[in-house]
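Asks: Here you go, sequence then predicted model.
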Amino acid sequence: MTSFDTLFPNRQDCFFALFQDAVYTHDQNINYIFDDKNRFIRRDKVAVINKIKAMAELVYESFVSVDKSFARCQPAIDYPSLLSVFTRYSRDIYGFRRISAKIRNMGHILNESQRSQLEEIILEGADFGFKVPSGNPYIERQTAVLLYWFSVLKPFHLNYIEGQVSPPESYIQSYFNEYFAYFLICLALHTQTVNLTIHEDKEHFKEFLNQLHFRNLSRSSLEFFLPNKKDKVNS
């Protein structure tokens, strides 16, 4: 059994396992890395997915330790869908920043005045169809977009193993993808001293999962909902 500290000796890596640009390489200050031809360097998709898989295993092990009914189940991951979750999240959250980084890296072609003019044009990003026209979207917006794509593409599933133990509660079975994605995100956010608190009211949480499962919550509605449902963790 891999421990959290073994998997993430640098706790910031836990956050970036989910909230990084999963397509193109950047450092922890979100400065993109380019090759000698001014091209983005692509991430190793297998490495990205393997890290998320290991993180998901930690989350499920925590479920079993708290509620033995989960021991009767085996979680399953649709890996193409999981990769699509993160490529679409990355497009929405990092699309604006990618273009800005590309322009700033074109110093050998553009002078400073030209770069500034282009960056001013990009600042009108909403007119160009950016889902998130910001170079530094706040954490609620990032979380809303990630939860949205989990609810659309549904990469997580639950299989049953024969046994005498009762299975998890019916709402967990019905909305397992959303339930699991929520707690996976909670693990990453906790390293940023942010806690989602929706699950603390069970009935409210069940309704939230239902709305998320049936895609009655859009990116924008999730974005407005989440700020009211989080607490700062005492450091």
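Replies: That came through, no problem.
Asks: so residue 147 touches residue 212, yeah?
Replies: Yes: Residue 147 is in contact with residue 212 according to CB atoms under 8 Å; the separation is 6.7 Å. C-beta: built from backbone N, CA, C; applies to glycine.
Asks: lowest-pLDDT helix or strand in this structure?
Replies: Between all helices and strands in the chain, the lowest mean by mean pLDDT, DSSP states H and E belongs to strand 230-232, at a mean of 64.
Asks: just for the chain, where's the confidence low?
Replies: Confidence mapping of the chain against pLDDT under 70 gives the ranges 1, 107-108, 122-135, 227-235.
Asks: So which elements touch the lengthiest helix in the chain?
Replies: When secondary structure is assigned using DSSP state H, the longest helix within the chain turns out to be helix 79-104. Contacts defined by 3 or more CB pairs under 8 Å, 6 or more residues apart in numbering; DSSP states H and E place helix 79-104 against helix 45-66, helix 112-122, helix 139-153.
Asks: Around residue 96, how many other residues sit close by?
Replies: Neighbouring residues of residue 96 were enumerated by other CB atoms under 10 Å; the total is 22.
Asks: The one 5 residues further on too?
Replies: Counted with other CB under 10 Å, the burial measure for residue 101 works out to 20 neighbours.
Asks: do you know how far it is from residue 149?
Replies: Using CB to CB, to the nearest Å, one gets 22 Å for the distance from residue 101 to residue 149.
Asks: picking up where we left off before, pull up the overlap in contacts between residue 147 and residue 212.
Replies: With contacts defined as CB atoms under 8 Å, 6 or more residues apart in numbering, the residues adjacent to both residue 147 and residue 212 are 178, 222.
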